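J.: can't give you the sequence, but here's the structure:
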């Protein structure tokens, strides 16, 4: 994988972390503006009701998202260090992304937030592009 794509995948992980922090910040009214904006874009016909259970849920979801992004960052950096031997790591990382995409997208549609498929697809493609295009999935040469 080229230096550009390495930097891209690491930046992607940090972007996921930032998204998680935005969600976590909605646990408090004073810092919930970015989350309200995000939900407004994804579901303009319904106002976001940030009652106590929703604040708790979004706060926990944000924390889990930050944790997932940092775990992915560790896996990505380990894969970069392994070079040609990293294919199994990349396959596991892709698997985690596919599971997230399928579950998140299905639930988005089922709960009336179908527009969430657009950012989900862009986010997944932005991660998969350097992996697929960067040649890291090729089996190592004998």
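T.: Here it is on my side, so go on. Computed from a predicted model, the values in this text were never measured in an experiment. Numbers count the residues shown, from 1 in each chain.
J.: switch to C-alpha atoms for all contacts and neighbour counts from now on
T.: Fine.
J.: Please compute how far stretch 96-112 lies from its chain's middle.
T.: Using CA atoms, centre = their mean, to the nearest Å, the mean C-alpha position of stretch 96-112 is found 12 Å from that of the whole chain.
J.: neighbouring contacts of that stretch?
T.: 43, 114-117, 120-121, 124 (CA atoms under 8 Å, 6 or more residues apart in numbering).
J.: Next, the buried residues of that stretch.
T.: By 16 or more other CA atoms under 10 Å, the buried positions in stretch 96-112 come out as 97, 101, 105, 108.
J.: Check this structure and tell me which residue is nearest its centre.
T.: The centroid of the chain falls nearest to residue 16 when counting by CA atoms, centre = their mean (4.7 Å).
J.: how about low-confidence regions in the protein?
T.: Residue ranges of the chain with pLDDT under 70: 42-46, 140-142.
J.: quick one: buried residues of stretch 23-42?
T.: Buried residues in stretch 23-42 (16+ other CA under 10 Å): 23-27, 32, 35-36, 42.
J.: Just put the residues you listed in TSV and tack on distance to residue 78.
T.: Shown next, in TSV, are those (distance: CA to CA, whole Å):
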residue	distance to residue 78
23	27
24	27
25	30
26	32
27	33
32	35
35	32
36	36
42	35
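J.: now those residues as JSON lines including secondary structure and distance to residue 67?
T.: Below are those laid out as JSON lines (DSSP: H, G, I helix; E, B strand; the rest coil; distance: CA to CA, whole Å):
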{"residue": "23", "secondary structure": "helix", "distance to residue 67": "13"}
{"residue": "24", "secondary structure": "helix", "distance to residue 67": "12"}
{"residue": "25", "secondary structure": "helix", "distance to residue 67": "15"}
{"residue": "26", "secondary structure": "coil", "distance to residue 67": "17"}
{"residue": "27", "secondary structure": "coil", "distance to residue 67": "17"}
{"residue": "32", "secondary structure": "coil", "distance to residue 67": "20"}
{"residue": "35", "secondary structure": "helix", "distance to residue 67": "18"}
{"residue": "36", "secondary structure": "helix", "distance to residue 67": "22"}
{"residue": "42", "secondary structure": "helix", "distance to residue 67": "24"}
